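Novice: quick one: sequence and predicted model below, then my questions.
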Amino acid sequence: MSKRTIIPFGPQHPVLPEPLHLDLVVEDEIVVEAVPSIGFIHRGLEKLVEKKDFNEFVYVAERICGICSCIHGMTYCQGVEEIMNLQVPGRAKYLRTIWGEFSRIHSHLLWLGLAADAFGFESLFMHSWRIREKILDIIEETTGGRVIFGTSKVGGVRRDVTNERLKEISVLLKTYAGEIKEVTDIFLNDNSVKHRLCGVGVLSKDDALMLGAVGPMLRASGVAQDMRKLGYAAYNDIPVEPIIDQSGDCYGRCVVRIKEVFQAIDIIQRAVDKIPDGPIDMKVTGFPNGEFFARTEQPRGEVIYYIRGNGTKHLQRMRVRTPTFANLPAILKVIPGCSVADIPILLLTIDPCISCTER
Amino acid sequence: MSLFAFTKTVLGSMVSKPATRMYPFEVREAFPGTRGSIAIEIEKCIYCTLCARKCPTSAIVVNKAARSWEIDRLRCISCRACVEACPKDCLSQLTSYSPAVAIKGGKDFFHHPAPKVAAAPGAAPAQG
Amino acid sequence: MIESQPTEIVTLDRLKDAVRIKWAAHARLVQIGCTKTAEDQYEINYSFDENLKFSNLRIVVNPATDRVPSISDIYWNAFFYENEVHDLFGITIEGMAIDFKGNFYRMAVKHPFAAPAGQKKS
Amino acid sequence: MSVRLISALSFVVFAPLIGGLISGIDRRITARMQGRFGPPVLQPFYDVYKLLQKENVIARVRQNAYIDFYLLFVIFSGMLLFAGQDLLLFIFSLTLASVFFILAAFKGSSPYSLVGAQRELLLVMGYEPMVLFAAVAFYMATGSFWVSKIIVHPVLLIKLLPGIFLGFFYILTIKLRKSPYDLSTSHHGHQELVKGLTTEFAGPSLAMIEVAHWYETVFLLAFVYLFFAATPWLGALAVVVCYFLEILIDNVFARAKWEVAVKSSWLVAAVLGFGNVAVLYLLKGF
């Protein structure tokens, strides 16, 4: 049985609904080599800035990814605002923070579900998504969209939520936290789950850093880097401590994400308590001229928008480096030596989003 | 050892009401702010083409001469930019999504012939 | 201002030395991105992060004459970005850890970002 | 016609109906456990009906011939059991059926079905000792390998064979292809091997695999009934409870890796199976 088999994994694979292709060279169910190829869905969105008004481009930025849509739009806006030196009203900053954290909760719950599906725990998958649906309901109610929030705009946000409703949501989240805990405890404690997660795909602290991993992938290896520490949006007033785990394996990444769900709930509750009244947007005049690397922490990790304006209504260049793009090299390094059964969960622990990656 | 940890939740949901619903027999009620499909009151439209210019996906085509307004439902991303841009408030966003489209490139075409509008300003000028 | 972003412009032959300094300082390679600033003039930004301190190395190249050395022997993950820069801008990069030879992205148009701004893509 | 023949023939006719119904109820209960509404109870029949309508796409010539044999031997094994024949013959005929299924997957030649087939081989290796212990223990308890004798044995066999019963229940999870041991082919395609063994089969041949699985479900549950044959109502209850527990286990476990499947089934066979046999030996002498 020591014959080498090549298992084509993706671009269409049931476990990984993402167009990433890996040729897994397999010996007795042990992967000895993984050859990646991406580029199946390159959309050239970066090129589109040359044709779209920089204000309209927010809609495109939001649609780079379906799951971290809100933070994509927000990062783009922050970059443009930084170049144009706009002081966004406080309420808008807080609303961005609240929605950003909501998108983190729903993204992590989505990931938990997919992870459960990858290690063959169907009911856990369904229950994770059942709870995610409730979060989506709140999102839809406050923003009008379920995954594409559509609330970002240069100079503020497009919708307001009444303070009363925010208070109610904050209370509602408390009850949801209990339900989420019921499900996440299974990820953390159930032995059949641990058997699939512990010790799989260990990434050392040094490797994680020098292979450019970001987000939960980096933090699970013990590096305390969280872009929210930069203090964009309202994170100046609501300090965030990066959640880290020392194990560096799939279980560690799972732990980091689960803790981040509860951290996000906490951040939302604190933001609701502190949110200032006032306008939610400001008038934007003129065109951006200058450059800025806008960095924010998405559910999947650090996203970076390079925005360069040349004083016209079209930007000269906009470049997005999404977290998945940064995490892929790291995952390629840990795949050799794993068994085929570990590949889906291993790939999923970077929370891959290839459509972001290829913009 | 923690096995069968999920039993309680699983048995609990077995005896309680399912979280899913029997769509399409039972349709979820949309929230008031849901961004659904775009609707137009064509009688009020002045064919200024502002919505078409603001549309990020060029889903809207307005023809001033023919007095027509059409939207490609498959291109529309329900971003609400046109609704916000419309000077006559004749565009609105429904909370329901547009129904499934059977034909690719099928567009919803609205046309309001000129004579009727000529009579309309006198009939209902207040509601501009 | 969210953060300051110092940019150091380095010459092509000094690039690898500058990157080695970053490596020695344990900086994380954040991204490599290219911008077309004029016909025959492309900027490549190498962004690094040292414990949340952002910094930038920038080289200015002319794809017709310059050949950019790959830094993937220092930062292995750089080959991802370098392949991307090569595919989108048509800049020659030498010595990438994994060279996709222009097949990193499957595109209808070769080097789309090298086309003059505002021109239709396909 | 003898009673045995009627019993065997009625198995051939009614087992798929009962098996399909069990599968439908299974799907409904599973759905409810997952907080979903679930398909109609008759959905498996609709599925098979639809599969039969489809074109028979094949990857390699004659791969489907193995599936024909698989179904044939599954039915044959069930007939042996229901005709009250030799238990050993039943077990080996069933193993032969599995072998045909594995060969079919090897013939399918896609990497997914290849790895799936290898995993299935390992699983067969895993559960086979326990099945053999079961046969031996039945013989020791009743003095016969013949199902017709075992079923009329006056003593409630579960009293003598509790370890064997538990061990058999353990491997039932493998045989019914339930999580955590659905690693060679899972009911839903969401695993690294897509659907493993069955990946390369489409249309009518996939329908045959499904029907074979219904047959298997019925005679495996009949095997469970054997432990309680002396008290029929208890047997019926045991069958229902066992199947419900299997559904529950399916829903509270992640898919295990093959190492765990093989090691644990052997451990179960060694402890429960062998232990039970040893105790019987001490009690009865030989």
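Specialist: Sure, I can see it. Everything numeric here is computed off the predicted structure, so don't read it as measured data.

Novice: tell me which residue in chain D sits closest to chain C.
Specialist: D:P111 (22.9 Å; CB to the nearest CB). C-betas here are computed from N, CA, C, even on glycine.

Novice: wait, isn't that residue in contact with A:R4?
Specialist: No - using CB atoms under 8 Å, D:P111 makes no contact with A:R4, being 10.6 Å away.

Novice: before we move on, back to that, got the phi/psi numbers for the residue of chain D closest to chain C?
Specialist: phi -60, psi -30 (degrees, to the nearest 10).

Novice: before we move on, the earlier item: please enumerate the shared neighbours of D:P111 and A:R4.
Specialist: Counting by CB atoms under 8 Å, 6 or more residues apart in numbering or on different chains, the contacts common to D:P111 and A:R4 are A:V26.

Novice: how about low-confidence regions in the chain?
Specialist: Here I'm looking at chain A. Across chain A, the ranges flagged by pLDDT under 70 are A:1-3, A:14-17.

Novice: meant chain C actually
Specialist: C:1, C:116-122.

Novice: how about the residues of it near chain D?
Specialist: Contact residues, chain C versus chain D (CB under 8 Å from any CB of the partner chain): none.

Novice: hey, where'd the strands end up in chain C?
Specialist: C:7-9, C:28-38, C:41-50, C:53-61, C:68-69, C:93-94 (DSSP state E).

Novice: does the third one come close to chain A?
Specialist: Yes - applying CB under 8 Å from any CB, one finds strand C:41-50 touching chain A at C:N45, C:S47, C:D49.

Novice: now find how far off-centre that strand is within its chain.
Specialist: Taking CA atoms, centre = their mean, to the nearest Å, the mean C-alpha location of strand C:41-50 is offset from the chain mean by 6 Å.

Novice: do the second one as well
Specialist: From the chain centre to the centre of strand C:28-38 is a distance of 5 Å (CA atoms, centre = their mean).

Novice: so what's A:C338 up against?
Specialist: A:I30, A:V31, A:V200, A:G201, A:L346.

Novice: try A:T312
Specialist: Here A:T312 is in contact with A:F287 (CB under 8 Å, 6+ apart).

Novice: identify the residue nearest the most centrally placed residue in chain B in space, chain neighbours excluded?
Specialist: When chain B is reduced to its mean C-alpha position, the nearest residue by CA atoms, centre = their mean turns out to be B:S37, at 0.9 Å. Leaving out its chain neighbours, the residue that sits closest to B:S37 by CB to CB, 6 or more residues apart in numbering or on different chains is B:S98, at 3.7 Å.

Novice: please name the bridge partners of C:T7.
Specialist: Note on C:T7: beta-bridge partners by DSSP bridges are C:N56.

Novice: quick check: residues of chain C near chain A?
Specialist: Residues of chain C lying near chain A (CB under 8 Å from any CB): C:1-3, C:5, C:23, C:26, C:28-31, C:33-37, C:45, C:47, C:49, C:51-52, C:54, C:56, C:75-77, C:79-81, C:87, C:100, C:103-107, C:112-113, C:117-118, C:121.

Novice: next, count neighbours for the closest residue to B:S92 other than its chain neighbours.
Specialist: Excluding its sequence neighbours, the residue lying closest to B:S92 (CB to CB, 6+ apart) is B:A39, at 5.2 Å. Other residues near B:A39 number 17, with proximity taken as other CB atoms under 10 Å in any protein chain shown.

Novice: is it true that B:A39 lies in a strand?
Specialist: Yes - counting by DSSP: H, G, I helix; E, B strand; the rest coil, B:A39 is found in a strand.

Novice: ok, it to B:S78 distance?
Specialist: 12 Å (CB to CB, to the nearest Å).
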